[in-house]
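1. sharing a sequence plus its predicted fold:
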Amino acid sequence: MSWKKWSRALLAGGRRRAPSRQTEGGNKVEQHQEYVIQTDVAFGGLDVFDIHKLVEACPHPWFNQTLCQVNDAVVRLGIFEGTFHFHKHDLEDELFYVVAGHLRIDLEDRTVDLLPGQGMLVPHGVVHRPSAESRTVVLMVEAATVTAVGDEEH
């Protein structure tokens, strides 16, 4: 995908809202985090891409773009600011690697803080919630079959 085409796709990206959650009383509480998830593969074999330019061009506070496919896995660029919802992936593991910023991953029993150069593998079936207080750039490696919003809301 050319840089111009990628930039147009970035700006036109499908906005979504985090799903609503149910409280114990059965009342729905709406999550207000808007996010853009692009599952199309942006770059093919031998294409050169520049993470810094991609980040600079992104106007969205929460953005996820599939950069490329490597065999049965994909590499995704995440630009995070705010809090995602708790979710899990039933069949696929998910690797988070922080390029810039500070990523917090809430798990059921603890919270993990990741800084640039640090990463963590979240095994399949583990409920997690990524968040970032300020703009954070992350690379994610996961099976091409993974659903970015998770298999089930928690």
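-> Structure received.
2. for the chain, which element, helix or strand, carries the lowest mean pLDDT?
-> Sorting the helices and strands of the chain by mean pLDDT, DSSP states H and E puts strand 28-29 at the bottom, at a mean of 39.
3. list the neighbouring strands of the helix or strand following that strand plus their orientation.
-> Per DSSP states H and E, the first helix or strand lying C-terminal to strand 28-29 is strand 34-38. Here strand 34-38 has these sheet partners by DSSP bridges: strand 15-17 (antiparallel), strand 63-70 (parallel).
4. what stretches of this structure score poorly on pLDDT?
-> Scanning the chain for pLDDT under 70 picks out the ranges 1-33, 152-154.
5. so where's the longest strand in it?
-> For the chain, the strand that runs over the most residues, judged by DSSP state E, is strand 128-143.
6. now do that one against strand 63-70, angle only.
-> Calculated by axes from the mean of the first three to the mean of the last three CA atoms, to 10 degrees, strand 128-143 forms an angle of 30 degrees with strand 63-70.
7. related to what we said a few turns ago, what's the most buried one of the strands paired with strand 34-38?
-> strand 63-70 (a mean of 19; mean count of other CB atoms under 10 Å). The C-beta positions use only the backbone N, C-alpha and C, and glycine is treated the same way.
8. beta-bridge partners for the nearest residue to Ala144 once chain neighbours are set aside, please?
-> Spatially, and ignoring its direct neighbours in sequence, Ala144 is nearest to Val74 (4.8 Å; CB to CB, 6 or more residues apart in numbering). Beta-bridge partners recorded for Val74 (DSSP bridges): Gln69, Glu142.
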